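> With the sequence up front, the predicted model follows.
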Amino acid sequence: MADFSPVTPPATLDDRWRQTHLGRLMGSALRRFDARVLQLMARNVEVPLALSNLAARDQVGAAHIHLTRHLALGGDRLTDLAQRAGMTKQSMAQLVDQCEAWGLVSRESDPHDARARRVCFTPTGLTWLQGFRDAVTQAEAEFRAEVGDDVATVVCLGLEAYAQ
């Protein structure tokens, strides 16, 4: 029978690395950046009021940002969109349903395959996308102001190289 009683770690064990390793820092930075983008979108008078209110009440989250980041301007099949966003098709379908109810996207016939449907931005969705672009631009400028242009450039170049 296994012994599941608590174990006291040795006094010499240093576990600070769990809070400061690169993956944790990148994850924390991404959450902070996305939260700032949503905060800016909530305050943007150009973003449709209903969507701005959703962002202000934390009804819009990281998953919605995935859709905003990954949906091609010409539209995408759900499967392609889910793959690009790193989500399951089922999760993306739920997200698209919600965004369709908010008027951000619509499902349209695929001109290349009559059996398929494409997810496309609506005019309201394109306004949302412009608000997203404006918020990202401002959040990036704030990042540069906080860490300095040289550090920001090195971070961007390093992340770009690492991501590829």
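Thanks, I have it.

> from what I can see T127 touches E46, true?
Yes - counting by Cβ atoms under 8 Å, E46 is a contact partner of T127 at 6.8 Å. Every C-beta, even on glycine, is put in place using the N, C-alpha and C of the backbone.

> need the helices for the protein, in chain order.
17-20, 22-43, 49-56, 62-70, 78-85, 89-101, 123-147, 149-163 (DSSP state H).

> could you dump those helices to CSV with distance to T8 and mean pLDDT?
Formatted as CSV, the helices of the chain follow (distance: least, Cβ to Cβ, whole Å; pLDDT from 0 to 100):
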stretch, distance to T8, mean pLDDT
helix 17-20, 18, 83
helix 22-43, 25, 89
helix 49-56, 46, 64
helix 62-70, 37, 79
helix 78-85, 43, 92
helix 89-101, 41, 92
helix 123-147, 39, 93
helix 149-163, 38, 95
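
> rewinding a little: higher neighbour count, T127 and E46?
Each of T127 and E46 has its neighbours counted (other Cβ atoms under 10 Å); T127 has more, 18 against 11.

> so what's the most centrally placed residue in the chain up against?
Taking Cα atoms, centre = their mean, the centroid of the chain lies closest to I65, which sits 3.5 Å from it. I65 makes contact with 34, 37-38, 132, according to Cβ atoms under 8 Å, 6 or more residues apart in numbering.

> For W17, see how far away it is.
Remark: distance between I65 and W17 (Cβ to Cβ, to the nearest Å) = 29 Å.

> Now do the contacts for the nearest residue to V47 once chain neighbours are set aside.
Nearest residue to V47, sequence neighbours excluded (Cβ to Cβ, 6 or more residues apart in numbering): G131, at 3.9 Å. Taking Cβ under 8 Å, 6+ apart, we find G131 in contact with 41, 44, 46-47.

> would JSON lines of these with distance to L73 be doable?
Shown next, in JSON lines, are those (distance: Cβ to Cβ, whole Å):
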{"residue": "M41", "distance to L73": "19"}
{"residue": "N44", "distance to L73": "20"}
{"residue": "E46", "distance to L73": "18"}
{"residue": "V47", "distance to L73": "18"}
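
> pLDDT check: weakest of the residues you listed?
Lowest in pLDDT among the contacts of G131 is V47, which has 71.

> Give me the neighbour count for that residue.
If we define neighbours as other Cβ under 10 Å, then V47 has 23 of them.

> check contacts around it.
By Cβ under 8 Å, 6+ apart, the neighbours of V47 are 41, 55, 127-128, 131.

> Same question for H66.
Counting by Cβ under 8 Å, 6+ apart, the residues that H66 touches are 85-87, 95.
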